[in-house]
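# model this:
(2 chains)
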Amino acid sequence: MKTPIYLDYAATTPVDPRVAQKMSECLMAEGNFGNPASRSHKFGWEAEEAVEIARRQVADLINADPREIVWTSGATESDNLAIKGVAQFYQSKGKHIVTSKVEHKAVLDTCRYLERQGFEVTYLEPGEAGFISPEQLNDAIREDTTIVSLMHVNNEIGVVNDITALGEVCRERKVFFHVDAAQSAGKIPIDLAEMKVDLMSFSAHKVYGPKGMGALYVRRKPRVRLEAQMHGGGHERGMRSGTLATHQIVGMGEAFRIAKLEMFEEAERIEKLRQRLWAGVANMEEVYINGSIDQRIPGIFNVSFNFVEGESLIMSLSDLAISSGSACTSASLEPSYVLRALGRNDELAHSSLRFSIGRFTTEEDIDYAIEKVKAAVEKLRELSPLWDMYKDGVDLDSIEWAAH
Amino acid sequence: MAYSDKVLDHYDNPRNVGKMDANDDHVGTGMVGAPACGDVMRLQIKVNDDGIIEDAKFKTYGCGSAIASSSLLTEWVKGRSLDEAGAIKNTEIAEELALPPVKIHCSVLAEDAIKAAIKDFKAKRGEA
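Here you go, the predicted structure:
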């Protein structure tokens, strides 16, 4: 077994060898290296064909029309284009946006930018389970709301929003609905013929494709119009200029094709691994799952080990590549804003670890992780004055701590 | 983030981990920090009748640098007088452990902890 063991698939995934093979065929002189926008020769035509095949592969995974797919540099750009593009294009109709407190920074920072431009944003708070309810959304939409942006799957806790129900609310209230699907595409089914979603962001590198590649779904019926954010040669029907990166696009297409074929089997396998991991650590005291137990994807699993600080936990887990909700490294000392938005107290937020399991994770990896985590938690609890106090029956909330 | 070898050494082999009887009138206890901030240190000193720190114990909830800072401090205060121990500066700890700027607060916390322990001891003896 090779260490460190990679359990951070929600951060990024390795490129699938089948994807890498396809990509490598679009780089060199003897390969498909042409500019897809070149209309006057075979090199251009062949590159364009490869790009259009990939567009269909992406559209097929989400049951959309290929003409609804706009290539971007990743989900961050897609989020920017969707939210700024719609908010700006329709600003004469209103300047109110609805989103949630647990969105990815690509959405939150875009909304902050729009606030500085004179837009108003409502940030919905999820309950303890981590998802937004249709009623809550309905209450937040106003006369001057133009767009709602909510994520499909949360990147820290893996909780799934009910996009079908939320989409019904948006359509009924006649506001555009943008969904960040970076963590859900290729993991759980998405059917855009059924779901009333107007714009959806995708990333290639969360699904075993290359980094620096993404797409934005822009619905044709009813039509959504956007203010372009990148101006140039009018590529992608004017919505996103810039020479198309054939090798990246082909890689994303192949990654999405594989995902469509293998998604269900893979999800089943990963769910078994997640259950194995939980069974391995659940018998320790004071261990909590963050976010809904059942409304979640199998691959992302967020757990708090009370009375142990996350960064020191990660330090003793150098054989595991995982991430922590504790932001002790940041100057602010603020723990994860997502866990805080769930109403988790700061101690539990500081004590959290995110395990994300993927295509190349094995049972052996999980067993090794369980063994390491248990040993580290036990060691750090021996060192923890909070654990002592808990064991002595002291109520930690009864103590007046000197915050610093 | 990269830790210095000294931080790693104290983290892997923390010195003087433990708990003393807080009611013993030779023992001074300092507990500083807050769980919400991600670090809590408990430092205890045992002072002999000559006013010398004979023994020190700690337990720390916090990042590796916080654990290392308190572990180092227990080594430093042993054998010192209360005045000497109280004069230890956070900058000395930070320098010894090569703490990066974002971890300086860990050394500050350690300095606060020894000061608090000394204060507690003196209060018990009616000297404060």
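# Which residue, other than its chain neighbours, is closest to residue 111?
All of this is about chain A. Of all residues beyond its chain neighbours, the one nearest residue A:111 is residue A:121 (4.6 Å), with distances taken as CB to CB, 6 or more residues apart in numbering or on different chains. Heads up, the C-betas are built off the backbone N, CA and C, glycines and all.
# please go with chain B instead
In space, residue B:111 is closest to residue B:90, 4.1 Å off (CB to CB, 6+ apart).
# Is there a neighbour count for the one you found? I'd like the number.
For residue B:90, the neighbour count with other CB atoms under 10 Å in any protein chain shown is 19.
# Quick check, it in contact with residue B:107.
Yes: between residue B:90 and residue B:107 a contact is recorded at 4.0 Å, counting by CB atoms under 8 Å.
# still on that earlier bit, mind checking pLDDT for the residue nearest to residue B:111?
pLDDT, residue B:90: 95.
# Likewise for residue A:1?
Residue A:1 is given a pLDDT of 80.
# What are the phi and psi values at the closest residue in space to it that isn't next to it in sequence?
Among residues not flanking residue A:1 along the chain, residue A:364 sits closest, at 5.9 Å (CB to CB, 6+ apart). In terms of degrees, to the nearest 10, the main-chain angles of residue A:364 are phi -60, psi -40.
# what's the burial count for residue A:364?
Residue A:364 is flanked by 10 other residues according to other CB under 10 Å.
# Then residue A:306?
Neighbour count for residue A:306, taken as other CB under 10 Å: 23.
# if I look at the closest residue in space to it that isn't next to it in sequence, how far off is chain B?
Leaving aside its chain neighbours, residue A:306 sits nearest to residue A:286 (3.8 Å; criterion: CB to CB, 6+ apart). Residue A:286 sits at a distance of 13 Å from chain B (criterion: CB to the nearest CB, to the nearest Å).
# which residues touch residue A:286?
Taking CB atoms under 8 Å, 6 or more residues apart in numbering or on different chains, we find residue A:286 in contact with A:305, A:306, A:307, A:390.
# The helix or strand where the residue nearest to residue A:111 lies - what's its average pLDDT?
Per DSSP states H and E: residue A:121 is located in strand A:120-124. Here strand A:120-124 scores 98 as its mean pLDDT.
# hmm, who's touching the next helix or strand after it?
Moving toward the C-terminus from strand A:120-124, the next helix or strand (DSSP H and E) is helix A:134-140. Here helix A:134-140 makes contact (CB under 8 Å, 6+ apart) with A:98, A:122, A:124, A:148, A:150, A:162, A:165, A:166, A:168, A:169, A:170, A:173.
# go on, stretch A:311-321?
For stretch A:311-321, contacts defined as CB under 8 Å, 6+ apart pick out A:3-8, A:305, A:322-324, A:326, A:328-329, A:351, A:353, A:368-369, A:372-373, A:375-377, A:379-380, B:3, B:11, B:38, B:62-64, B:66-67.
# In chain B, which helix is the longest?
helix B:104-124 (DSSP state H).
# Which strands or helices does that helix pack on?
Secondary-structure packing of helix B:104-124 (3 or more CB pairs under 8 Å, 6 or more residues apart in numbering or on different chains; DSSP states H and E): strand B:27-34, strand B:39-47, helix B:64-77, helix B:82-86, helix B:90-97.
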